[in-house]
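>>> need coordinates for the following:
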Amino acid sequence: MLIIVGVSILSIAAISAVALSVPIAVAQTARIMRGGHERGERRGGPGEGMRGGMFRGINLTDDQKAKMKQISESFRESTKALRQDLQTKREALHQANEGGTFDEASTTQKLTDLAPLEAKLMGEQFKMRQETLSVLTPEQKTQLEQKRAEFKAREGERRGRKGE
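Prediction:
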C-alpha cells in the first residue's frame, strides 16, 4: 500500500512539474517568435553589427569587415534549413494553442521537438561568434569587452528603475 501511495505521489509530482513547465516554455517560445523573427535575425549578425550594433565605435579594417561579412553570410546559408525548420515548428506550436484550447500532450510534444533544434542553432551561433571574435585584434577585443560591460551596467540601471 505504501509503495502505491509513493508512486501516486511521484506521478502527481511529475504531472505537476510538466504542467508548470509547459506554460513557461510556451511563453519563452512566444517571446522568441514575437514579430515572426528569430532573435539573431532581428538584431542581425556580425555583418549588420558593423553598421550599428556590437561593433559600433570599434574601428574595423576593410579586411576585417569583409571577413565578418563572409562569416555572417556563411552562417546564414549553413543554418537556413535549420532556421526554416524551427520557424515551421514554432508556427505549428502557435497554431496548436490558438482558439482558447490547450492540448498539453500536443504542446509538450511540439516543445520537445523544438528543443534540440534550438540547441543546435545556439551552438552554431556560438561558433559564428567565436569566428567573428577571432578576426579582432587584442585591442579591439578589449574595446568590445568594455562596451559589453557598459551595456550591462546601463541595463542594470534601467531594470533597477523599472522596479521602483
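
>>> could you find the closest non-adjacent residue to Thr79?
Glu124 (5.2 Å; C-beta to C-beta, 6 or more residues apart in numbering). C-beta coordinates here come from the backbone N, C-alpha and C atoms, glycine included.

>>> which residues in this protein form helices?
2-33, 39-43, 46-49, 62-78, 80-96, 104-135, 138-162 (DSSP state H).

>>> mean confidence for the fourth one?
Helix 62-78 shows a mean pLDDT of 96.

>>> in it, what's buried?
Residues of helix 62-78 classed as buried: 64-65, 67-68, 71-72, 75 (neighbour count, 16 or more other C-beta atoms under 10 Å).

>>> dump those to JSON lines, plus distance to Met54.
Converted to JSON lines, those look like this (distance: C-beta to C-beta, whole Å):
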{"residue": "Gln64", "distance to Met54": "14"}
{"residue": "Lys65", "distance to Met54": "14"}
{"residue": "Lys67", "distance to Met54": "16"}
{"residue": "Met68", "distance to Met54": "11"}
{"residue": "Ile71", "distance to Met54": "14"}
{"residue": "Ser72", "distance to Met54": "12"}
{"residue": "Phe75", "distance to Met54": "15"}
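
>>> between these, which is nearest Glu131?
Using C-beta to C-beta, Ile71 comes nearest to Glu131 of the buried residues of helix 62-78, at 4.9 Å.

>>> look up the closest residue to that closest one, ignoring the ones flanking it.
Glu131 (4.9 Å).

>>> quick revisit: which pLDDT does the model give the residue nearest to Thr79?
Reported pLDDT for Glu124: 97.

>>> surely it touches Leu82?
Yes. In this structure, Glu124 is within contact of Leu82 by C-beta atoms under 8 Å, at 7.3 Å.

>>> so for stretch 137-146, what gets flagged as buried?
Quick answer for stretch 137-146 (16+ other C-beta under 10 Å): 140, 143-144.

>>> now, which of the residues you listed sits nearest Arg90?
Nearest to Arg90, judged by C-beta to C-beta, of these is Leu144 at 31.0 Å.

>>> which residue packs closest to the closest one, ignoring adjacent ones?
Leu144 sits nearest to Ile58 (C-beta to C-beta, 6+ apart), 6.3 Å away.

>>> ok, the one you found - how many residues close by?
A count of nearby residues for Ile58, using other C-beta atoms under 10 Å, gives 19.

>>> so it sits against Gln146, correct?
No. With contact defined as C-beta under 8 Å, Ile58 does not reach Gln146; the gap is 9.9 Å.
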